[in-house]
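Chemist: Sequence plus predicted model, see below.
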Amino acid sequence: PALLEMKSIHKVYPNGTVANRGVDFSVEEGEIHALVGENGAGKSTLMKILFGLEAPTRGSISFKGQSVSFQGPRDAIKHGMGMVHQHFMLAPSLTVSENIVLGEEPAKGVLSLFRDRAKEQERVAGLIRDYGLKVDPEARADTIPVGQKQRVEILKVLYRGAKLIILDEPTAVLTPQETDELFDSLKSLVRQGHTIIFITHKLREVMQISHRVTVLRGGQSIATLVTKETHQEE
Ligand code: ADP
Ligand code: ADP
């Protein structure tokens, strides 16, 4: 059975724009699934619905065989999902490690006197090591290059226990070398039991990194393909 199954998703925004018109989207456990399509195809809307940021007009979602409808990102995170946006939201004056541990509300977290800092450091170091997401945990977030900021964002969702990770155009801001390093980390993540949804519009990357690809066009899923090259390589 699929890990995630979105069926017949329709979304009409209040202004009348129809962003999804019957999208079927299914993700298997342990795969890197590319979601592709031109600007306006409905990719962001579909992912917002998955994360409970928008309510679908019609359609159903099942996750791990259970029917779900998340009421917001917190809900999605609780179920083991993590979203890495194109725009990074790090607290600039805190360290990498503090950003990872404190998540989206660092202001609240730094006030806590009861954190077990040694344990936190150990977990952060473990995550960095396990997935090859190289970054200095003690560096201030505003001093590191953009490729490393992205690693911090990925580490943030892993720290919160994400098993299904959604990456929104993750290579847009990366150099070719950083892109290769990201892909190595993604392979390492799926080897260790994670599942990845990879939003992109670069066909070459789709062929290079994904196991399957779903193509959206005009708010509909027009195809789901197996990208054979990746399978032969394994
Ligand atoms: P993609 O991520 O593939 O670029 P989107 O889901 O962002 O596609 O957009 C699909 C369509 O829905 C576009 O026509 C976009 O302008 C429209 N849209 C997105 N968000 C909203 C919104 N909040 N209100 C109205 N229309 C929207
Ligand atoms: P993305 O590339 O991630 O889809 P956009 O730049 O298209 O982001 O959209 C930025 C924000 O504006 C999103 O939250 C999207 O839902 C919203 N948006 C996009 N199109 C429209 C629209 N036509 N009307 C209202 N909001 C929109």
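Modeler: That came through fine. None of these values were measured; they are calculated from a predicted model. Numbering: from 1, shown residues only. Ligands and ions are numbered 1, 2, ... in the order given.
Chemist: okay, now residue 41: neighbour count?
Modeler: The local packing of residue 41 (other C-beta atoms under 10 Å) involves 23 other residues. All C-beta spots, glycine's among them, are computed from the backbone N, C-alpha and C.
Chemist: if I read this right, it contacts residue 217, doesn't it?
Modeler: Yes - assessed by C-beta atoms under 8 Å, residue 41 is found in contact with residue 217 at 5.6 Å.
Chemist: can you give me the strands in the chain?
Modeler: 4-12, 18-27, 32-36, 58-63, 66-68, 81-84, 164-168, 195-200, 212-217, 220-226 (DSSP state E).
Chemist: Of these, give the one that comes closest to ligand 1.
Modeler: Closest to ligand 1 of the strands of the chain, according to C-beta to the nearest ligand atom: strand 18-27, at 3.4 Å.
Chemist: who in this protein is up against ligand 1?
Modeler: Neighbours of ligand 1 within the chain, by C-beta under 6 Å from any ligand atom: 13, 15, 17, 19, 37, 39, 40, 41, 42, 43, 44, 45.
Chemist: From these, list the buried ones, please.
Modeler: Neighbour-count burial (16 or more other C-beta atoms under 10 Å) applied to the residues of the chain next to ligand 1 gives 19, 37, 41, 42, 43, 44, 45.
Chemist: helices and strands of the chain: which one bottoms out on pLDDT?
Modeler: helix 228-233 (a mean of 49; mean pLDDT, DSSP states H and E).
Chemist: Could I get the contacting residues of the closest residue to residue 158 other than its chain neighbours?
Modeler: What sits nearest to residue 158 in space, not counting adjacent residues and going by C-beta to C-beta, 6 or more residues apart in numbering, is residue 127, at 5.3 Å. Contacts here follow C-beta atoms under 8 Å, 6 or more residues apart in numbering; on that basis residue 127 touches 100, 133, 155, 158, 159.
Chemist: In helices, which of those residues fall?
Modeler: Counting by DSSP state H, these place 100, 155, 158, 159 in helices.
Chemist: I am finished for the moment; much appreciated.
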